[in-house]
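**Student:** attaching a predicted model along with its sequence, questions to come.
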Amino acid sequence: MNSIQLTDINLWDFLSQEEAGYISLKASLRKLEKGELISSPEMRNDQLFFLKEGQVRLYRMNQEGRQFTIDILVGGSVFGQTDRLVITDEKMYVEAMVRSAVFVMNKETFDLFLLNHPHAALKFIKILSEKLKFAADIAEQIALNDLRCRIIFLLLKFTEKTGRFGSGWEPIPMHLTHYDLAMMAGSTRESVSAVMSELKKDGLVQKNRGCYSVQAERLLEEVSQVLIETNRRSENK
């Protein structure tokens, strides 16, 4: 079962009580409506955003206006950039998917935060490394595997945001549509809908009150077997 790693970070669990308290005290709180753009290449924000509650989508857009979702974040996540730390770069768009609230910290306040809490710098480096790994994992899944495997991979990654991963039904702590999954999997909404119907029929996915739950252990077993078979075919070439 260890052929695929599933990791994510909740910032409020990751920082000490003093560090989290400093952010809450020194950063400004901003309320966001659904669909509101928080950051974009045109805004050129030199700020860090700490998502207090809600859900946001990180995406890029090509010259034709086609969007590709990089990640979906829930409460406890951090994004943005300063000259000392780049978690999401200047080409990224960030949009609130539901009503949300973020703490906004400018460059000067963040520099002072690191000065007063030097150990926090290492924690932010770990967050950045996890983001880079997630982006690399997504790219690999899109390049190497079929759509069913890519959807399963995304569902597992989102399931782990709860901090739990075991047998039985595990909730995905966010509102997801087939369109959201298609934007991350490099596919169409219609194709994703067909795969999700298969997964429901197989007893691997269910939806209650707008949120999905999955049989995480069974999904992990399926995607692990696919990856093992993919590696075996690569070695035999």
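**Tutor:** Sure, I can see it.
**Student:** just for the chain, where's the confidence low?
**Tutor:** Along the chain, the parts satisfying pLDDT under 70 run over 1-13, 44, 84-87, 125-144, 161-167, 226-237.
**Student:** domain map for it?
**Tutor:** 11-129, 145-236 (automatic domain parsing).
**Student:** may I see those organised as JSON lines, with mean neighbour count added?
**Tutor:** In short, each C-beta sits where N, CA and C put it, glycine included. Listed next are the domains of the chain as JSON lines, based on neighbours: other Cβ atoms under 10 Å:
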{"stretch": "domain 11-129", "mean neighbour count": "16"}
{"stretch": "domain 145-236", "mean neighbour count": "16"}
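**Student:** centre of the chain to the one helix or strand residue 29 maps to, how far?
**Tutor:** Taking DSSP states H and E as the definition, residue 29 sits inside strand 28-32. Relative to the chain's own centre, strand 28-32 is displaced by 20 Å; criterion: Cα atoms, centre = their mean, to the nearest Å.
**Student:** what comes into contact with the next helix or strand after that strand?
**Tutor:** Downstream of strand 28-32, the first helix or strand assigned by DSSP H and E is strand 37-39. Strand 37-39 has contacts (Cβ atoms under 8 Å, 6 or more residues apart in numbering) with 32, 43, 45, 49, 56, 79-80, 88, 92-96, 102.
**Student:** hmm, 6 Å instead?
**Tutor:** The contact list for strand 37-39 (Cβ atoms under 6 Å, 6 or more residues apart in numbering) reads 45, 94-95.
**Student:** stretch 21-35 too?
**Tutor:** With contacts defined as Cβ under 6 Å, 6+ apart, stretch 21-35 is touched by 50, 96, 98-105, 109.
**Student:** relative to residue 15, which of these is nearest.
**Tutor:** Checking these against residue 15 with Cβ to Cβ, the nearest one is residue 50 at 9.4 Å.
**Student:** follow-up on the earlier one: which of the contacts of stretch 21-35 fall within strands?
**Tutor:** With strands taken from DSSP state E, the overlap with these comprises 50, 96, 100-105.
**Student:** closest one of those to residue 191?
**Tutor:** residue 96 (26.7 Å).
**Student:** mind listing what the closest one touches?
**Tutor:** By Cβ under 6 Å, 6+ apart, the contact set of residue 96 is 32, 34, 36, 56.
**Student:** what about 10 Å?
**Tutor:** Contact analysis of residue 96 by Cβ atoms under 10 Å, 6 or more residues apart in numbering lists 31-38, 51, 54-57, 102.
**Student:** okay, and the beta partners of the closest residue to it other than its chain neighbours?
**Tutor:** Using Cβ to Cβ, 6 or more residues apart in numbering and skipping the chain neighbours, the partner closest in space to residue 96 is residue 32 (4.1 Å). Under DSSP bridges, the beta-bridge partners of residue 32 are residue 100.
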